[in-house]
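Engineer: Sequence plus the predicted model coming up.
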Amino acid sequence: MNKRLILTLAFLAIVIVSAGIAIFLAKGYTISPTKGRIVGTGIISVASEPDSASVYIDGHLTTATNATIPSLSPKTYTIKVIKEGFIPWERSVEVKEGLVSELKITLFPAIPTIYPLTFTGVFNPTLSPDGSKLAYIVTAGKKPGVWVWTVSRNQPISFARSSQPHQIASSQTADFSNALLKWSPDSKQVLATVASNNYLLDSENLNSDPRDITPTLAVTIKSWEDDVKVKEIARIDSIKDLKYRKTASDSSSIAWAPDETKFMMQSNKETGSNTTKVYDLELSKEYTIPYAKSQLWLPDSKHIILADESTISVVDIDGTNKAVIYAGTFKDNFVFPWPDSSRLVIISSFPTPTASEPNLYGINLR
């Protein structure tokens, strides 16, 4: 009886241990020969826009987006996402035991569509602080003067009738051909400086009798600067990480991501070169991004636009996956993104009699 009892207990023990091992394996754990024990695995979740892109892990085609890849041993993998007609995306991803590494990827077209947005000529384009309006000068045609184009997040590729560019000041009241434009902090007014005169214009309506505020210009500008300073101090004070709060407060100029969870700033090294860094407040990480003459946020807060003399690129916030979107001429490094991140807008011209005037052109990102 004692022998039978011992055999029965041993059998039950084997069954229990085997069942436990099976349960662990079913949950994604594996047996590591090197460590001599059961170790946990990790998961990579890959989503892309557009979807149905091929996912390669360490050079092996594994699945298509959008998908979850389970039972991965903890280590660093090279993930590459490829879709025909789009620029490939690649990154090293560390998989940790029991955790999900989530990737949300935007693939940009290899050959973007470029199309005209204006036809009357555009000079001195100036984007409003909230990115929703563009003020510019028209010097030719039937209605020369100051114009404003209101950009809508849900607007189609072409201008909708309700948001077509509208004139806010006519050159019949003043010569605005060489005017300098400056937006108010609330994006509701445009200051047009013509020689020694300074006109404050309502951005929504035609200012048939524009108000010259030259006598009170200094007070107006100081008020605007104070408004910007108060908002900037409030943003910086909201940073919980004291190290990043000090970094932001010590900077003379920082560019906040639209979701305000990150900021970008340029610092001068002792060598005289410039370094631009991105600080992620949610992850408490900082990244160095490639140099460019102009750097600004894409509204999705996940990418940065880099503009140089003859190229426009989009890069991930960690400085990887630099995708050249446009190579060609465009004026004054001017580029701004559509509010839904679906396209970029540049100002350019072509060496033909009918397209020699600079105009706004759209570049699709989707």
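Structural biologist: Arrived safely.
Engineer: in the protein, which spans are helices?
Structural biologist: Defined through DSSP state H, the helices belonging to the chain, from first to last, are 2-26, 217-237, 242-250.
Engineer: W183: what's it in contact with?
Structural biologist: Residues counted as contacts of W183 (CB atoms under 8 Å, 6 or more residues apart in numbering) are 126-129, 133, 135, 189-191, 203. In short, each C-beta sits where N, CA and C put it, glycine included.
Engineer: wait, L61
Structural biologist: For L61, the contacting residues are 54-55, taking CB under 8 Å, 6+ apart as the criterion.
Engineer: in the sheet, who's paired with it?
Structural biologist: Beta-bridge partners for L61, by DSSP bridges, are Y56.
Engineer: Do a quick rundown of the strands in the stretch 201-350 of the chain.
Structural biologist: Under the criterion DSSP state E, counting those that start in this stretch, strands of the stretch 201-350 of the chain are mapped to 211-212, 254-256, 262-268, 274-280, 285-289, 294-297, 303-307, 311-316, 323-327, 335-337, 343-348.
Engineer: Turn the ones you listed into a markdown table, including distance to W224, mean pLDDT and mean neighbour count.
Structural biologist: Supplementary listing: the strands of the stretch 201-350 of the chain in a markdown table, determined by distance: least, CB to CB, whole Å; pLDDT from 0 to 100; neighbours: other CB atoms under 10 Å:
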| stretch | distance to W224 | mean pLDDT | mean neighbour count |
| --- | --- | --- | --- |
| strand 211-212 | 16 | 94 | 12 |
| strand 254-256 | 18 | 93 | 17 |
| strand 262-268 | 21 | 84 | 17 |
| strand 274-280 | 26 | 90 | 17 |
| strand 285-289 | 29 | 94 | 15 |
| strand 294-297 | 21 | 93 | 18 |
| strand 303-307 | 26 | 96 | 23 |
| strand 311-316 | 30 | 96 | 20 |
| strand 323-327 | 33 | 95 | 18 |
| strand 335-337 | 21 | 93 | 22 |
| strand 343-348 | 25 | 93 | 22 |
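Engineer: returning to that earlier point: and the helices of the chain, which one is worst for confidence?
Structural biologist: Taking each of these in turn, the lowest mean pLDDT turns up on helix 2-26, with a mean of 66.
Engineer: about what we covered before: quick one: the helices of the chain as CSV, columns for distance to R343 and mean neighbour count too.
Structural biologist: Written out in CSV, the entries for those read as follows (distance: least, CB to CB, whole Å; neighbours: other CB atoms under 10 Å):
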stretch, distance to R343, mean neighbour count
helix 2-26, 47, 10
helix 217-237, 28, 13
helix 242-250, 30, 14
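Engineer: what's the closest of those helices to I105?
Structural biologist: Between I105 and the helices of the chain, the shortest separation by CB to CB is 26.3 Å, and it involves helix 242-250.
Engineer: Run through who's touching that closest one.
Structural biologist: Residues outside helix 242-250 that contact it (CB under 8 Å, 6+ apart): 235-237, 239, 254, 263, 265, 279, 281, 284.
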